[in-house]
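# sequence? don't have it. structure:
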């Protein structure tokens, strides 16, 4: 293995370890559990302000440069929260449940965030882009 391949392999292993650390956290387990069930008749997201603070805190601990990177883009609070939600690598239905919006609205939000991050037209998915930002 040459030096470049070894470096790439190390970077990939670090990314996998960060991802595992993030997804094994208490808040991640709670979020994933909440994303799996629809609560009939609810009018708000199952993610309270405390959950959002915990998500952002945990993400910033695991990915220290993330907050600084996100601040470089002109995003609304909803867009920023969606970027943090992307770290869970959930499907559209699960994201819709957590945000208490329709799946079509999740797709529109994803597209808007991709535009703000400058990844229009690229085949790179949002999760991969965010993970590679760091």
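In hand now; what should we look at? Being a predicted model, the structure only gives us computed values, none of them experimental.

# residues in contact with the residue nearest the centre of the chain?
Centroid-nearest residue in the chain, with CA atoms, centre = their mean: residue 86, separated by 2.1 Å. Contacts for residue 86 (CB atoms under 8 Å, 6 or more residues apart in numbering) come out as 126-127, 130. The C-beta positions use only the backbone N, C-alpha and C, and glycine is treated the same way.

# what are the boundaries of the helices in this structure?
3-23, 26-34, 49-62, 66-71, 77-86, 92-99, 103-117, 126-133 (DSSP state H).

# need the distance between the two termini of stretch 58-78.
Start-to-end span of stretch 58-78 (CA to CA, to the nearest Å) is 18 Å.

# which one of the helices of the chain lies closest to residue 40?
helix 92-99 (11.7 Å; CB to CB).

# contacts for that closest one, please.
For helix 92-99, using CB under 8 Å, 6+ apart, the contacting residues are 31-32, 34-38, 45-47, 82, 85, 88, 90, 102-103, 105-107, 109.

# quick one: work out the angle between the helix or strand of the chain with the lowest mean pLDDT and helix 103-117.
In the chain, no helix or strand scores lower on mean pLDDT, DSSP states H and E than helix 126-133, which sits at a mean of 88. Calculated by axes from the mean of the first three to the mean of the last three CA atoms, to 10 degrees, helix 126-133 forms an angle of 30 degrees with helix 103-117.

# got the buried residues for helix 126-133?
Residues of helix 126-133 classed as buried: 126, 129-131 (neighbour count, 16 or more other CB atoms under 10 Å).

# likewise for stretch 86-99?
Buried, per 16+ other CB under 10 Å, within stretch 86-99: 86-90, 94-99.

# repeat for stretch 117-126
117, 119, 126.

# from the chain's centroid, how far away is that stretch?
15 Å (CA atoms, centre = their mean, to the nearest Å).

# how far does it stretch from one end to the other?
Start-to-end, stretch 117-126 (CA to CA) is 9 Å.

# who touches that stretch?
73, 83, 86, 110, 113-114, 129.

# out of those, which end up buried?
Buried by 16+ other CB under 10 Å: 83, 86, 110, 113-114, 129, out of the contacts of stretch 117-126.
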